[in-house]
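> got a predicted structure here, sequence first:
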Amino acid sequence: MGRFAVMTLTETAADRVRDIMSARGDEALGLRVGVKKGGCAGMEYTVELATEAKPREDMVERDGARVFISPEAVLFLLGTEMDYEITTLRSGFTFKNPNQTSACGCGESVELIAADRTLLDAHA
């Protein structure tokens with residue numbers, strides 16, 4: 001049995017991650033996703049280029065697209081589906097997160113609760 005995946009990528013998100021990785025060449029291992037305090041709802045998702053793996057990070061992969069998850073974000077992202085959408089107003093990664101309790105009106109920040117650690121331990 002494979003290792004439990006903290007989060008999943010849609011095909012659209014995987015395509016976009018691969019595009020970013022190929023545009024950056026050899027330096028790009030993938031993208032890194034995390035959370036930080038900020039915004040009117042309390043937390044914001046962060047997405048940045050990953051040029052090296054960091055200790056204790058989780059990694060999810062779909063069709064060669066790799067996303068690293070910061071250790072401090074794992075419990076906030078457990079069960080999340082990462083997608084990529086293009087609308088008339090914006091384009092970017094979106095997160096369908098079962099740990100989200102509310103979001104601000106602009107959609108840039110969210111209120112998150114940490115998942116029960118036993119859920120993670122049960123799959124370890």
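Yep, that arrived.
> mind listing the strands for the protein?
Using DSSP state E, the strands found in the chain span residues 7-9, 30-37, 43-50, 58-62, 65-69, 80-86, 91-96, 100-103, 110-112.
> now the fourth one: how far from the chain's centre is it?
This means strand 58-62. In terms of C-alpha atoms, centre = their mean, to the nearest Å, the centre of strand 58-62 is found 10 Å from the chain centre.
> which strands and helices lie in contact with that strand?
When contacts are defined as 3 or more C-beta pairs under 8 Å, 6 or more residues apart in numbering; DSSP states H and E, strand 58-62 sits against strand 7-9, helix 11-24, strand 65-69. Every residue, glycine included, has its C-beta placed from N, CA and C.
> if you set the cut-off to 7 Å instead, what comes out?
strand 7-9, strand 65-69 (3 or more C-beta pairs under 7 Å, 6 or more residues apart in numbering; DSSP states H and E).
> where does the protein dip in pLDDT?
Counting by pLDDT under 70, the chain has low-confidence residues at 1-4, 39, 41, 102-124.
> re earlier: now render the helices and strands packed on strand 58-62 as a markdown table, adding distance to residue 38.
A markdown table is the format used below for these (distance: least, C-beta to C-beta, whole Å):
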| stretch | distance to residue 38 |
| --- | --- |
| strand 7-9 | 20 |
| strand 65-69 | 18 |
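> which of those sits closest to residue 94?
When the helices and strands packed on strand 58-62 are compared by C-beta to C-beta, strand 7-9 sits nearest residue 94, at 11.5 Å.
> what residues of the closest one count as buried?
Going by neighbour count (16 or more other C-beta atoms under 10 Å), the buried part of strand 7-9 is 7-9.
> of the residues you listed, closest to residue 74?
Residue 74 lies nearest to residue 7 out of those, by C-beta to C-beta, at 9.0 Å.
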